[in-house]
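Asker: predicted structure and sequence below. I'll ask about it afterward.
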Amino acid sequence: MAGAEAGAEAGAEAGTEAGMEAGALEAAGEAEPGGALRRKRQTALRGVGDLCKVCFMQRLNKNSSQGAMGGAGRAIVVGAGFGGLAAAVRLGARGYRVTVLDRLDQAGGRARVFRDQGFVFDAGPTVVTAPFLFEELWALCGRKLSDDIDLRPVAPFYRIRFNDGEVFDYSGDAEAMRAQIGRLNPDDVAGYEAFLAKSERIFNVGFQQLADVPFGKVWDMLKIVPDMAMLESWRTVYGLVSRHIRDERLRQVLSFHPLLVGGNPFSTTSIYTLIAFLERKWGVHFPMGGTGALVQGLCKLIEGQGGEVRLNTSVERIEVENGRATGVRLADGAFLPAEVVVSNADAAWTYRHLIAPEHRKTWTDRRLEKARYSMGLFVWYFGTRKQYPDVAHHTILLGPRYKELLEDIFEKKVLADDFSLYLHRPTATDPALAPEGCDGFYVLSPVPHLDAGIDWTERAEKYRRAISAELDRTMLPGVEENLVTSRVLTPQMFQDEYLSFKGAAFSIEPVLTQSAYFRPHNESEDIAGLYLVGAGTHPGAGMPGVLCSAKVLDRIVPEPSVARVRV
Ligand SMILES: Cc1cc2nc3c(=O)[nH]c(=O)nc-3n(C[C@H](O)[C@H](O)[C@H](O)COP(=O)(O)OP(=O)(O)OC[C@H]3O[C@@H](n4cnc5c(N)ncnc54)[C@H](O)[C@@H]3O)c2cc1C
């Protein structure tokens, strides 16, 4: 690390772009003997670097009156969620000296890991899609994802259990899907094919062309309007599915995906139907050792680059001087200066609590209060002393009501007596996540966020017991008597532990009027040198979303070497 820094600084001292680049690359080369990493970086970054220089020069002209940036390519990332870790890898690959700060005692954010008595529970994401986004990060460090992570395909992707006990195995196998659909309603097979073809067209625009571009200007939004109109983005996910599918159960099977990223299928823009194609093309995966293995892998990449992930470190404030972020103030009063500050903390929380109101015209407290937020989640992690070998890795238990339940959660904000659940049984793929002969699970129930005024300290155990009874009736007979370990996460804890505004599980809701340009921008609207990644910014929640938000930074954060020229 010391040698790497010295290399970068030697370049910086030369005070020239070429000098700084040489220093940064020297640092890169040192992280891997023989300079293989250096060569990889040179190749990987050439295109991005050129683009960034253009962006930077444009902004240099715009902000030329703002004075010098100072420093030598120091970047601070607030938050070690997937978005923050990916941002750190990308900035590190470009020669920034990166420090990631997180207030929790482990990295991962929502993807942290709970351990108890030999059970290992991933607290959050479990459905790994778009593995290529992780592969890109490993490649930036001259490694292969498969060097560090054993990613296994999961089949079926999801087992969906209807309230009447009927089961649908949702997979990536075209023939098997046709058979499953034909079994419920033969007339919907052709409609399903048409829906999937539509999903591919939406993917080609919504993901390939829009997911990793900054929506910093109104024009960025205006120019995609024709595409969005052609793809019927004004429709909701459920609306688009229903144009192709008649059977109500199949409509539910093909429309539940927005719930995985915090959206109500009845109000989320149909752009999110691209997930159907994404899963079909690249599959659903699970890392051996759990999703936490990906978090650890990213932390190692950062350390290998000479960066640092500092835990138990709470950021109180992002300091702003003359309209530019200058660094962060920690809870203990220390000030850490940086040329680039990236916030991976919840976007609404970042603006509301980390930045003084006088520095933000766009994201005022009033606007943040008026925005719509995703639902909350009640999650119960538990281990059993017996195994349930017939339970698939991912099961969705649909309750008696669909639309009405979602209305209760998203619109009326009441805690219903019935529920639809997602049940995770990671031991179906990796038995090592529980002691021998045991099974590890989590079950999550979408619930209203904190505006509902539910006292979760009082309700949590009652609600857990109701879920337990439902699982006992449907999938896991005898579950309560066989519990070895048990803990819950409530919306109140999402607010208290992750600092998520209103305890929302997925930050700002993914409705059309809060998408792309209308989300908090990846490059702060009001503060130079401040960037946002993570669920609350563009493109949105979910691992693919937050990894793409970090990718946007490659287009908008200037090269550290160019930044140095400003001194
Ligand atoms: C239960 C659950 C299941 C999910 N399942 C899936 C799934 O299967 N597949 C999928 O793709 N997605 C899933 N998601 C969504 C996905 O996990 C999230 O969208 C994504 O992980 C959020 O990443 P992020 O980058 O926004 O950071 P977060 O995970 O929100 O992390 C932000 C970090 O910032 C830190 N922080 C905040 N404020 C400060 C501060 N002031 N100082 C220091 N640190 C601070 C927090 O401690 C936290 O660690 C799931 C989410 C949940 C909750």
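Answerer: That came through, no problem. Numbering: from 1, shown residues only.
Asker: mind checking the end-to-end distance for stretch 287-295?
Answerer: 11 Å (Cα to Cα, to the nearest Å).
Asker: pLDDT averaged over that stretch - what is it?
Answerer: Rounded to a whole number, the mean pLDDT of stretch 287-295 is 98.
Asker: stretch 525-538 too?
Answerer: 97.
Asker: list the buried residues of that stretch.
Answerer: Neighbour-count burial for stretch 525-538 flags 527, 528, 529, 530, 531, 532, 533, 534, 535, 536, 537, 538 (criterion: 16 or more other Cβ atoms under 10 Å). The C-beta positions use only the backbone N, C-alpha and C, and glycine is treated the same way.
Asker: does it come close to the ligand?
Answerer: Yes: contact of stretch 525-538 with the ligand (Cβ under 6 Å from any ligand atom) involves 534, 535.
Asker: and what of stretch 507-524?
Answerer: No: if you take Cβ under 6 Å from any ligand atom as the test, stretch 507-524 misses the ligand, and the best it gets is 6.8 Å.
Asker: okay, how far is it across that stretch, tip to tip?
Answerer: 17 Å.
Asker: pretty sure residue 177 is in a helix, no?
Answerer: Yes: checked against DSSP: H, G, I helix; E, B strand; the rest coil, residue 177 lies within a helix.
Asker: got a list of what the residue in the stretch 101-250 of the chain that the ligand sits nearest to touches?
Answerer: Nearest residue of the stretch 101-250 of the chain to the ligand: residue 109, at 2.1 Å (Cβ to the nearest ligand atom). Applying Cβ atoms under 8 Å, 6 or more residues apart in numbering to residue 109 gives the contacts 79, 80, 81, 82, 84, 102, 124, 344, 498.
Asker: where does it land on pLDDT?
Answerer: Per the predicted model, pLDDT is 98 at residue 109.
Asker: before we move on, what about the one 10 residues further on?
Answerer: Residue 119 is assigned a pLDDT of 98 by the prediction.
Asker: please apply the same query to residue 567.
Answerer: 31.
Asker: same thing with residue 205?
Answerer: 89.
Asker: let me know the helix or strand that it is in.
Answerer: helix 189-206 (DSSP states H and E).
Asker: of all the residues in that helix, which ones are buried?
Answerer: Neighbour counts using 16+ other Cβ under 10 Å place 189, 191, 192, 195, 196, 198, 199, 202, 203, 205, 206 of helix 189-206 among the buried residues.
Asker: now do stretch 474-484
Answerer: Quick answer for stretch 474-484 (16+ other Cβ under 10 Å): 475, 476, 479, 482, 484.
Asker: make TSV out of those and add secondary structure and distance to residue 363.
Answerer: As requested, the buried residues of stretch 474-484 are exported to TSV (DSSP: H, G, I helix; E, B strand; the rest coil; distance: Cβ to Cβ, whole Å):
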residue	secondary structure	distance to residue 363
475	coil	43
476	coil	44
479	coil	44
482	helix	48
484	strand	45
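Asker: get me the contact residues on the chain for the ligand.
Answerer: So the chain meets the ligand at 78-84, 101-104, 109-111, 124-127, 260, 314-315, 344-345, 354, 377, 379, 444, 498-499, 505-506, 534-535, 541-543, 546 (Cβ under 6 Å from any ligand atom).
Asker: what subset of those is buried?
Answerer: 78-84, 101-104, 109-111, 124-127, 260, 315, 344-345, 354, 377, 379, 444, 498-499, 505-506, 534-535, 541-543, 546.
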